[in-house]
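**Student:** here's a sequence, model it:
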Amino acid sequence: MDEETKKKVLNAQRNEITEYHIYAKLASRHKNNHNKKILAHISDDELKHYKFWKKHSHVDVKPKMFLVWWYYFISKIFGLTFGLRLMEKGERLAQGKYNKLAESIPEVEKLEKDEREHENALIALLQEEKLKYVGSIVLGLNDALVELTGALAGFTLALQNTRLIAVTGLIMGVAASLSMAASEFLSNRADGGEGKNAAKSSFYTGLTYVFTVIVLILPYFLFNNVYVALTATLSCALMIILIFTFYLSVAKELPFWKRFGEMALISLGVAAISFGIGFLVRMFLGVEV
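**Tutor:** Below is the predicted model:
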């Protein structure tokens, strides 16, 4: 085995022992027995893969403890499925580095293929509340972004006063969040909720809506210039869309750019139309504040 191949083998070996420790740590600290068993199963698989690479390197390697703690904390904060899918994405980016190993070690190609398929199947079996209620979160987020960016854009030109716009938007946003939460509750009660708790669904919808309202209105409390505040609000809206779309694309393996483009286009499009309506109201009705 030449030096370059040995280096790649050691790198693959280190990745496997690192992933073994990540899954083992998550399994040892997880309360859900169903998820604990799946994580322990994947952990055992990673250890077998580590031993496979060790047969070729003939040395032991240490895990990358920074990555062990990093993915552990990511999984605890943002959810198990998101953390593990994010780790998978990182693996896929590095996959090209190991493809040439199949030329020297024929078993590598089959090992990698079986590992990905088995791991994906097991991760898909994980039970996680965050993903069960993601539809309610999407509902609260989409409605808040579309309604409030549009309303704030319209108020900006019609009212021309940042404090007045902020207070008006806040009252409207809180009222809308309560309305959305109530509608989600009644909707889930009416159709049986498909395994979801109606109260939790309404809570996630309302909480997401209120959070989005606070973020979008904050610039109007921080800046005196209405156009600077509007620009900051639209930037915040795009940032929320970017972060949430990334989360969703990783956790549920959905296309990122398509969903980001749709949400951004709808939110900014409604804001542009509302801004135009505000201009017409100010010009034809002579509203001055």
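**Student:** chain center to the strand or helix carrying V213: distance?
**Tutor:** Element membership of V213, judged by DSSP states H and E, is helix 198-222. Taking Cα atoms, centre = their mean, to the nearest Å, one finds helix 198-222 lying 17 Å from the centre of the chain it belongs to.
**Student:** any buried residues in the next helix or strand after it, and which?
**Tutor:** On the C-terminal side of helix 198-222, the nearest following helix or strand under DSSP H and E is helix 226-251. With burial defined by 16 or more other Cβ atoms under 10 Å, the residues of helix 226-251 counted as buried are 226, 229-230, 232-234, 236-238, 240-241, 244-245, 247-251. From N, CA and C alone the C-beta is placed, and that goes for glycine too.
**Student:** cool, stretch 265-278 as well?
**Tutor:** Taking 16+ other Cβ under 10 Å as the neighbour-count basis, stretch 265-278 is seen to contain the buried residues I266, S267, L268, V270, A271, S274, F275, G278.
**Student:** for the nearest residue to the third one once chain neighbours are set aside, give me its contacts.
**Tutor:** If you skip the residues right next to it in sequence, L268 has L234 as its closest partner in space, 6.7 Å away by Cβ to Cβ, 6 or more residues apart in numbering. Under the criterion of Cβ atoms under 8 Å, 6 or more residues apart in numbering, the contact partners of L234 comprise T149, A153, L268, A271.
**Student:** hang on, the third one packs against V146?
**Tutor:** No: in this structure L268 lies outside contact range of V146 using Cβ atoms under 8 Å: 9.9 Å.
**Student:** shaky segments in the stretch 101-250 of the chain?
**Tutor:** In the predicted model of the stretch 101-250 of the chain, residues 101-103, 106, 109, 113-119, 121-122, 125-132, 135, 190-196 satisfy pLDDT under 70.
**Student:** can we see that at 80?
**Tutor:** 101-140, 142, 157-159, 184, 186-198, 200-201 (pLDDT under 80).
**Student:** could you pull out the helices in the stretch 1-150 of the chain for me?
**Tutor:** Using DSSP state H, counting those that start in this stretch, the helices of the stretch 1-150 of the chain run over residues 3-29, 33-57, 65-78, 80-94, 101-104, 107-124, 129-132, 134-159.
**Student:** need the winner for burial among these.
**Tutor:** Neighbour counts averaged per stretch over the helices of the stretch 1-150 of the chain are highest for helix 134-159, at a mean of 23; criterion: mean count of other Cβ atoms under 10 Å.
**Student:** okay, the contacts of L234 in TSV with distance to L80 next?
**Tutor:** As requested, the contacts of L234 are arranged in TSV below (distance: Cβ to Cβ, whole Å):
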residue	distance to L80
T149	32
A153	38
L268	33
A271	36
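**Student:** contacts for stretch 168-178?
**Tutor:** For stretch 168-178, the external contacting residues (Cβ under 8 Å, 6+ apart) are 140, 143-144, 147-148, 151-152, 155, 159, 206, 209-210, 213, 216-217, 220.
**Student:** actually, stretch 219-230.
**Tutor:** Stretch 219-230 is contacted from outside by 152-153, 156-157, 159-163, 165-166, 169, 232-233, 236, 275, using Cβ under 8 Å, 6+ apart.
**Student:** what's the closest of the contacts of stretch 168-178 to A182?
**Tutor:** Looking at those and their distance to A182, the nearest is G206, at 8.4 Å (Cβ to Cβ).
**Student:** tell me the contacts of the residue nearest to the closest one when sequence neighbours are not counted?
**Tutor:** Setting aside the residues directly before and after it, G206 is nearest to A181 in space (Cβ to Cβ, 6+ apart), at 3.2 Å. Under the criterion of Cβ under 8 Å, 6+ apart, the neighbours of A181 are S202, F203, T205, G206, Y209.
**Student:** for the helices of the stretch 1-150 of the chain, give me CSV that also has distance to L186.
**Tutor:** As requested, those are exported to CSV (distance: least, Cβ to Cβ, whole Å):
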stretch, distance to L186
helix 3-29, 37
helix 33-57, 31
helix 65-78, 30
helix 80-94, 29
helix 101-104, 57
helix 107-124, 31
helix 129-132, 19
helix 134-159, 13
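**Student:** so which of the ones you listed gets nearest N197?
**Tutor:** Taking Cβ to Cβ as the measure, those were each checked against N197, and helix 129-132 came out nearest at 9.1 Å.
**Student:** no further queries at this time; thank you.
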